[in-house]
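In: Sequence and predicted model, in that order:
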Amino acid sequence: MSDYQSPCSPREEIGGLVYFPRLCDKIRLHAAGKLHPDYHANLGRAMDLWTCQLLRVEYNDLVKLIETGLDDEGMLNWCTTHGYKPSDEEISWWNSYMRNRGFRDDFAEKLAFRKDEAGITDRSDIQTFFDFIDADEGRLSPPMERSIATR
């Protein structure tokens, strides 16, 4: 049995921001040696990087702070004090942007590639990277086939 754990869903929120708890979770799991090596190449990149850019903080600073034992709320408070505190409108924009990455945008081709790589090109319910991540980590089950009686 593997000691690796999946980080929480990218849909998880704190302070109204999606993805931030996942960013913190990945850092904690990596520090504890419980993050699968498949995740290592993207630590601090892509969605992690975009989250840091929104908050105007450095990824490596978050790594150091996580090691002090700060929880997600403490981490976000540090970010909004030492970096940037987005307005409610910016948070709304951010959440929409992140929830929809891969849907008819510049990442759609990458999402199609990742679905092909995972052997799930038939999964029309996977429309975004959040969908893909949750499916890949077992949180998004395949849609149930309808019986002939309900068609």
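Out: Received the coordinates, thanks. Residues are numbered from 1 along each chain as shown.
In: could you show me where the helices are in the chain, in order?
Out: When assigned using DSSP state H, the helices of the chain occupy the ranges 20-31, 37-40, 47-55, 59-67, 72-82, 88-99, 108-118, 129-136.
In: Distance to Ser2 added to those helices, as a markdown table?
Out: Quick note: C-beta positions are derived from backbone N, CA and C, even for glycine. Output for the helices of the chain, formatted as a markdown table (distance: least, C-beta to C-beta, whole Å):
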| stretch | distance to Ser2 |
| --- | --- |
| helix 20-31 | 12 |
| helix 37-40 | 11 |
| helix 47-55 | 23 |
| helix 59-67 | 22 |
| helix 72-82 | 25 |
| helix 88-99 | 28 |
| helix 108-118 | 18 |
| helix 129-136 | 15 |
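In: any chance of the ones you listed in a markdown table, plus mean pLDDT, distance to Pro10 and mean neighbour count?
Out: A markdown table is the format used below for the helices of the chain (pLDDT from 0 to 100; distance: least, C-beta to C-beta, whole Å; neighbours: other C-beta atoms under 10 Å):
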| stretch | mean pLDDT | distance to Pro10 | mean neighbour count |
| --- | --- | --- | --- |
| helix 20-31 | 98 | 5 | 21 |
| helix 37-40 | 96 | 13 | 10 |
| helix 47-55 | 98 | 7 | 18 |
| helix 59-67 | 95 | 16 | 15 |
| helix 72-82 | 98 | 14 | 17 |
| helix 88-99 | 98 | 7 | 14 |
| helix 108-118 | 97 | 13 | 14 |
| helix 129-136 | 97 | 5 | 20 |
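In: Any idea which of these gets closest to Glu12?
Out: Of all the helices of the chain, it is helix 20-31 that lies closest to Glu12, at 4.1 Å by C-beta to C-beta.
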